[in-house]
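Student: Give me a model of this one.
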Amino acid sequence: MTTDYVAYHKYLEERLTQLGRELPGPMTGFARLRKKAAEDGALSAKTKELMALAIGIAVRCEGCIAYHVHDAVKAGATRQELLETISVAIMMGGGPASMYAAHALDAIEQFMPELSQVTS
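Tutor: Numbering: from 1, shown residues only. Modelled structure (predicted):
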């Protein structure tokens with residue numbers, strides 16, 4: 001069964017917004033942390049999103065895959081950069097990470113549909 005990562009990202013955005021209204025302290029704090037951690041610095045925002053994706057795959061977080069593929073694409077990541085990120089995640093996470101790497105490939109193809117036609 002393939003997850004619709006574009007819809008899943010939208011769903012998570014809505015639910016996290018709701019949590020932000022109901023739990024403003026923790027959620028606002030986390031939102032500030034995430035924004036600051038992901039901005040350009042010594043590492044580009046794109047590099048940081050690719051790192052977050054690799055970690056999300058390695059720890060088997062499907063929501064993380066939806067968020068960080070979306071944000072990496074938005075930051076300008078190419079399909080090849082995303083695929084190499086999956087490779088690093090598999091190296092770090094072993095067999096379980098390879099199963100979630102398949103989820104990440106689905107997400108890439110959904111957020112970059114114009115490229116999935118070329119490689120399929």
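
Student: so where is the chain shaky, pLDDT-wise?
Tutor: Applying pLDDT under 70 to the chain flags the ranges 116-120.

Student: And stretch 1-8, what's buried?
Tutor: 5, 8 (16 or more other C-beta atoms under 10 Å). Where C-beta positions appear, they are placed from N, C-alpha and C, glycine not excepted.

Student: Return the alpha-carbon coordinates of that stretch using CSV.
Tutor: Taking Å, rounded to 0.1, in the frame of the first residue of the first chain, the C-alpha atoms of stretch 1-8 are listed here in CSV:
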residue,chain,number,x,y,z
MET,A,1,0.0,0.0,0.0
THR,A,2,1.4,3.4,-1.0
THR,A,3,0.9,6.4,1.2
ASP,A,4,-0.2,9.6,-0.6
TYR,A,5,2.6,11.8,0.8
VAL,A,6,1.4,15.0,-0.7
ALA,A,7,-2.0,14.5,1.1
TYR,A,8,-0.3,13.2,4.2
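
Student: Pull the distance from that stretch to the chain's centre.
Tutor: 13 Å (C-alpha atoms, centre = their mean, to the nearest Å).

Student: ditto for stretch 7-21
Tutor: 15 Å.

Student: What segments of this protein are helices?
Tutor: 5-22, 24-38, 45-58, 62-74, 79-111, 113-119 (DSSP state H).

Student: Please point out which parts of the second one sit buried.
Tutor: So that's helix 24-38. Result for helix 24-38 [16+ other C-beta under 10 Å]: buried residues 27, 38.

Student: helices or strands next to it in the packing?
Tutor: Secondary-structure packing of helix 24-38 (3 or more C-beta pairs under 8 Å, 6 or more residues apart in numbering; DSSP states H and E): helix 5-22, helix 45-58.

Student: Rebuild the ones you listed as CSV, extending it with distance to residue 38.
Tutor: Output for these, formatted as CSV (distance: least, C-beta to C-beta, whole Å):
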stretch, distance to residue 38
helix 5-22, 15
helix 45-58, 5
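
Student: Tell me which of these is the most buried.
Tutor: helix 45-58 (a mean of 22; mean count of other C-beta atoms under 10 Å).

Student: can you list contacts of that helix?
Tutor: 37-39, 43, 64-65, 67-69, 71-72, 75-77, 81-82, 85-86, 88-90, 92-93, 97, 100-101, 103-104 (C-beta atoms under 8 Å, 6 or more residues apart in numbering).
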